[in-house]
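Colleague: Quick one, fold the following:
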Amino acid sequence: MKIGIISDTHGSVAAWEEAMSKAFHDVDLIVHSGDVLYHGPRNPLPQGYDPQKLAALINESPVPVLIARGNCDADIDQVLINWPLQAPYCFLQIENLRLLVTHGDRLSFEEMNAQARRHQVDVLVFGHTHVPEIKKENGVIMLNPGSPALPKGSPAVPTVALLDRSTILLLDLQACKVIDKVCLGP
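Modeller: Below you'll find the model as predicted:
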C-alpha cells in the first residue's frame with residue numbers, strides 16, 4: 001500500500017493539485033494532518049487560495065482521505081468536506097504498520113513521542129510547523145511532511161511525504177526530488 005502524507009494545505013488548491021499530480025497520482029490512501037481549508041490569521045493567503053474548491057477536490061479524491069483536525073480547522077469545515085475531520089488524533093493500522101496522526105499544535109515533540117510509544121505506533125505524523133522533518137526516535141518514526149502551501153524552514157520549499165511498504169520519503173514538490181528518507185523496521 002502506498003500512502004500520500006500531507007499537512008497544512010490552508011485552502012490552497014494549487015498546493016493540493018501539485019501534490020496530487022506530482023506525488024500522489026498512484027497512492028491508495030491520503031493522510032492529512034490538519035489545517036486543511038483556512039489560512040489562519042497569522043498566515044498570508046497561499047497561492048491558489050480557494051477553500052470551497054479545495055473542499056470539492058478533496059471530496060472528489062479517488063482514494064480515501066483521513067484527516068486529523070488542525071488548529072485552523074473549524075466545525076463548519078465538516079459541512080464542506082465529506083471525509084471525517086477527526087479530532088485530535090487519527091489512528092490507523094495497515095497490516096503490521098501502526099500510524100498515529102495529529103496536527104501537532106497541542107503537544108510538545110517529546111509529548112508526541114511519548115504518546116506514540118504509549119499507543120505502540122511505528123509512525124507518528126504531525127504538521128503545524130510547516131517545517132518538514134523525518135527522524136527515528138526511540139523506535140518511532142516522527143514525520144512532519146511540511147506544507148505544500150505555506151512552507152517554512154531552510155530552504156522553504158513545498159513538501160509532502162510518501163510511505164510505502166519499506167520507506168518513508170520526504171519530497172520537495174518543486175524539484176520533484178527526495179530530500180530525506182527513513183526505512184521502516186529495525
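
Colleague: Average pLDDT for stretch 80-97, rounded please.
Modeller: Averaging pLDDT along stretch 80-97 yields 91.

Colleague: List the contacts of it.
Modeller: Residues outside stretch 80-97 that contact it (C-beta atoms under 8 Å, 6 or more residues apart in numbering) are 1, 3, 29, 31, 36-37, 51-52, 55, 58-59, 61, 64-69, 73, 77-78, 98-103, 106, 119, 121-123, 184. The way it works is simple: take the backbone N, C-alpha and C, and place the C-beta from them, glycine included.

Colleague: Restricted to buried residues, select those in ChimeraX.
Modeller: Here is the ChimeraX command that selects the buried residues among those (16 or more other C-beta atoms under 10 Å):
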select :3,29,31,36,37,51,55,58,61,65,66,67,68,69,73,77,78,98,99,100,101,102,103,121,122,123,184
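
Colleague: and the next element down the chain from the one helix or strand in the chain whose mean pLDDT sits lowest?
Modeller: The least trusted helix or strand in the chain, going by mean pLDDT, DSSP states H and E, turns out to be strand 85-86, with a mean of 84. Remark: after strand 85-86, the chain's next helix or strand is strand 89-94, criterion DSSP states H and E.

Colleague: re earlier: how far off centre is the least confident helix or strand of the chain?
Modeller: Taking C-alpha atoms, centre = their mean, to the nearest Å, the mean C-alpha location of strand 85-86 is offset from the chain mean by 13 Å.

Colleague: That one pairs with which strands?
Modeller: With DSSP bridges as the test, strand 85-86 is paired with strand 65-68 (parallel).

Colleague: quick one: average confidence on the partner strand?
Modeller: 97.

Colleague: Outside of that strand itself, list whatever touches it.
Modeller: Here strand 65-68 has contacts from 29-34, 36, 58, 81, 83-90, 92, 101-103, 125, using C-beta under 8 Å, 6+ apart.

Colleague: any chance you could map the strands in this protein?
Modeller: For the chain, applying DSSP state E gives strands covering 3-6, 29-32, 65-68, 85-86, 89-94, 97-102, 123-125, 133-137, 140-144, 159-163, 167-172, 177-183.

Colleague: Quickly, which of these bottoms out on average pLDDT?
Modeller: The lowest average pLDDT among those, as it happens, falls on strand 85-86, at a mean of 84.

Colleague: Name all residues that make contact with G146.
Modeller: Applying C-beta under 8 Å, 6+ apart to G146 gives the contacts 7-8, 127, 130-133, 152-153, 158-160, 170.

Colleague: Can you check the pLDDT for it?
Modeller: G146 carries a pLDDT value of 98.
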